[in-house]
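> Any chance you can model this:
(2 chains)
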Amino acid sequence: MSDFQYARAGDVAEALRLGAAPGAAFLAGGTDLLQLWKAGVQSPGQVIDISRLPLKDITAADGVLTLGALARLAEVAAHPAVHPLIVEAIAASASGQIRNMATVGGNLLQRTRCVYFRSHDLACNKRSPGSGCGALAGENRQAALFGTSQACVATHPSDLAVALAALDAEVEIIGPGGTRRLGLDELYRLPGDTPEQDANLAPGELIASVIVPAFAGRSTYLKVRDRASFEFAVVSVAAALRVEDGRIVQARLAAGGVAPRPWRLRAAEAALTNGASFAEAGALAIEGAQPLADNGFKIELLRRAVVRALETVGGAA
Amino acid sequence: MPDPGRIALALTLNGAARALTVAPTDTLLDLIRDQLGLTGTKKGCDMGACGACTILADGRRIKACLALAASYDGAAITTIEGIGALEAPHPLQEAFARHDALQCGYCTPGQIMSGLAVLDEHPADLETIREAMSGNLCRCGAHPNIVAAIAEVAGL
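Take a look at the predicted model:
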């Protein structure tokens, strides 16, 4: 394991200054950074500890929920003002110990669990640009169905991001040039020819908070995984519906485990508000899926998960 | 002369104040085992997956292998050595013995530290305990007895 220097940022301005230096990595909960460092995947020269910055508050005003980027997942899930879809997604994430450590911002920026990325000696364009994608013709049972490229087929592992995408959340980003906002799914880049960069963040930029607008409806988070707890999603679906007089007036669907970012199923959403059945929405959800040798089962799994999640929220159609 | 590469750290360890220095790369697990000699906390996977290194930091259970020591300046740390002794075991330790909740025992300190945190959350049923204990693996397969021991102390 490589050596690194440690510095604790006293305030946000210091964090931005220290974090912009080449080789610097931000440390919040550390649950992903320490794994990446121990695996030889990431070798920061300097670790900038941002865990004590005043970006931890969870607040609600006029129905709009704001999650400080440094709030711990367990604190978010226990907060009475937090949307139940977010609580469900967090409860399905990691383990009790990890949820006490991991932060909102760190969860959103965690790296893929693709085995080729996590193994320092296997080909991976995300970890080592130009080395090739081992998963493309190798072990690709967990790989993505949507948004991939010839350079990278990795999925994004966050459950929280899927719930936040379905709730139309935005992230507030602070950087040397001030603050800006991105929609949750705009935070992530598709791999294209440059899979090494996961997020639309410049060096030294920080997520300050996540802003979640009100959603007056019912919701559920369905996570399908290889074991019942403490496991990443094979496929997951966040579904939220607002039903008035027996008619769906608002539908939100996002899938996890199938793309390099939380994958909004906008065609299925639009169809649902135009009277489509849950089965028709399930069929639309899988349109355009591009399977590899071993992950084709995820297509049917996604279709069924969408239907199941919609039935849970809206009752059998 | 102090080593400029080391970082000063103040911890409360099992109730006692400690002033220490650590390397920037030390985890709490390295600090507890190698520098402080408290080897009850175990190193299993060292990657956050097995839970053998579970300790309490400010009353919350965490995985010491993924905790950068320098980041925990000022924290109150509780390890298995801080919760009971051979002559005066904690009720959860007694329950583990009564329920035969171990074979090799390597994961047991982590199971007990995690179980203590679960007890603080007042689990309503066995399923809640099973889910809450999923971050602690037992290769010997003592999980049913581990859940039973925690359930007994929880009054279930």
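> For whatever residue of the stretch 101-250 of chain A ends up closest to chain B, give me its contacts.
For the stretch 101-250 of chain A, the residue closest to chain B is residue A:229, as judged by Cβ to the nearest Cβ, at 3.6 Å. C-betas here are computed from N, CA, C, even on glycine. Residues near residue A:229 by Cβ atoms under 8 Å, 6 or more residues apart in numbering or on different chains: A:95, B:130, B:131, B:134.
> Show me the two of those residues that sit farthest apart.
A:95 and B:130 (12.2 Å; Cβ to Cβ).
> quick one on the thing from earlier: which among the contacts of residue A:229 gets closest to residue A:278?
Closest to residue A:278 out of the contacts of residue A:229 is residue B:131 (28.2 Å), distances taken as Cβ to Cβ.
> hang on, the earlier thing: who has more neighbours out of residue A:95 and residue B:130?
residue A:95 (24 against 18; other Cβ atoms under 10 Å in any protein chain shown).
> wait, what's in contact with that one?
Residue A:95 sits next to A:229, A:230, B:51, B:134, B:135, B:136 when contact means Cβ under 8 Å, 6+ apart.
> isn't residue B:92 right next to residue B:119, touching?
Yes. With contacts counted by Cβ atoms under 8 Å, residue B:92 reaches residue B:119, the gap being 7.0 Å.
> Find the residue closest to residue A:89 in space, skipping its chain neighbours.
Nearest non-adjacent residue to residue A:89, counting by Cβ to Cβ, 6 or more residues apart in numbering or on different chains: residue A:163, 3.7 Å away.
> Let me know the pLDDT of that neighbour.
With respect to pLDDT, residue A:163 scores 98.
> Make sure it is actually in contact with residue A:238.
Yes. With contacts counted by Cβ under 8 Å, residue A:163 reaches residue A:238, the gap being 4.7 Å.
> between the two, what contacts are shared?
With Cβ under 8 Å, 6+ apart as the test, residue A:163 and residue A:238 both reach A:85, A:89, A:221, A:254.
> Distance-wise, check the first one relative to residue A:101.
By that I understand residue A:85. Applying Cβ to Cβ, to the nearest Å, the value for residue A:85 to residue A:101 is 23 Å.
> next one: phi and psi at the residue in chain A that chain B sits nearest to?
Closest residue of chain A to chain B, Cβ to the nearest Cβ: residue A:95 (2.6 Å). Per-residue torsions, residue A:95: phi -130, psi 170 (degrees, to the nearest 10).
> How about the backbone phi and psi for residue B:27?
When read as degrees, to the nearest 10, the backbone of residue B:27 gives phi -90, psi 160.
> Is it correct that it is in contact with residue B:64?
Yes. If you go by Cβ under 8 Å, residue B:27 and residue B:64 touch, sitting 6.4 Å apart.
> So for the two, which sits in the more crowded spot?
residue B:64 (30 against 27).
> so where do the strands sit in chain A?
A:5-8, A:24-27, A:46-49, A:58-61, A:64-68, A:170-175, A:178-183, A:206-212, A:218-225, A:233-244, A:247-256, A:263-264 (DSSP state E).
> Including distance to chain B and mean neighbour count, could the ones you listed go into JSON lines?
Putting these into JSON lines (distance: least, Cβ to the nearest Cβ, whole Å; neighbours: other Cβ atoms under 10 Å in any protein chain shown) gives the following:
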{"stretch": "strand A:5-8", "distance to chain B": "4", "mean neighbour count": "19"}
{"stretch": "strand A:24-27", "distance to chain B": "6", "mean neighbour count": "21"}
{"stretch": "strand A:46-49", "distance to chain B": "5", "mean neighbour count": "22"}
{"stretch": "strand A:58-61", "distance to chain B": "16", "mean neighbour count": "14"}
{"stretch": "strand A:64-68", "distance to chain B": "17", "mean neighbour count": "21"}
{"stretch": "strand A:170-175", "distance to chain B": "21", "mean neighbour count": "21"}
{"stretch": "strand A:178-183", "distance to chain B": "26", "mean neighbour count": "12"}
{"stretch": "strand A:206-212", "distance to chain B": "16", "mean neighbour count": "24"}
{"stretch": "strand A:218-225", "distance to chain B": "11", "mean neighbour count": "21"}
{"stretch": "strand A:233-244", "distance to chain B": "15", "mean neighbour count": "24"}
{"stretch": "strand A:247-256", "distance to chain B": "19", "mean neighbour count": "23"}
{"stretch": "strand A:263-264", "distance to chain B": "26", "mean neighbour count": "23"}
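> JSON lines for these, including distance to residue A:34 and mean pLDDT?
Formatted as JSON lines, the strands of chain A follow (distance: least, Cβ to Cβ, whole Å; pLDDT from 0 to 100):
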{"stretch": "strand A:5-8", "distance to residue A:34": "12", "mean pLDDT": "98"}
{"stretch": "strand A:24-27", "distance to residue A:34": "8", "mean pLDDT": "98"}
{"stretch": "strand A:46-49", "distance to residue A:34": "10", "mean pLDDT": "98"}
{"stretch": "strand A:58-61", "distance to residue A:34": "25", "mean pLDDT": "97"}
{"stretch": "strand A:64-68", "distance to residue A:34": "22", "mean pLDDT": "98"}
{"stretch": "strand A:170-175", "distance to residue A:34": "23", "mean pLDDT": "97"}
{"stretch": "strand A:178-183", "distance to residue A:34": "27", "mean pLDDT": "97"}
{"stretch": "strand A:206-212", "distance to residue A:34": "19", "mean pLDDT": "98"}
{"stretch": "strand A:218-225", "distance to residue A:34": "23", "mean pLDDT": "98"}
{"stretch": "strand A:233-244", "distance to residue A:34": "22", "mean pLDDT": "97"}
{"stretch": "strand A:247-256", "distance to residue A:34": "24", "mean pLDDT": "97"}
{"stretch": "strand A:263-264", "distance to residue A:34": "28", "mean pLDDT": "98"}
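> Perfect, I'm done here.
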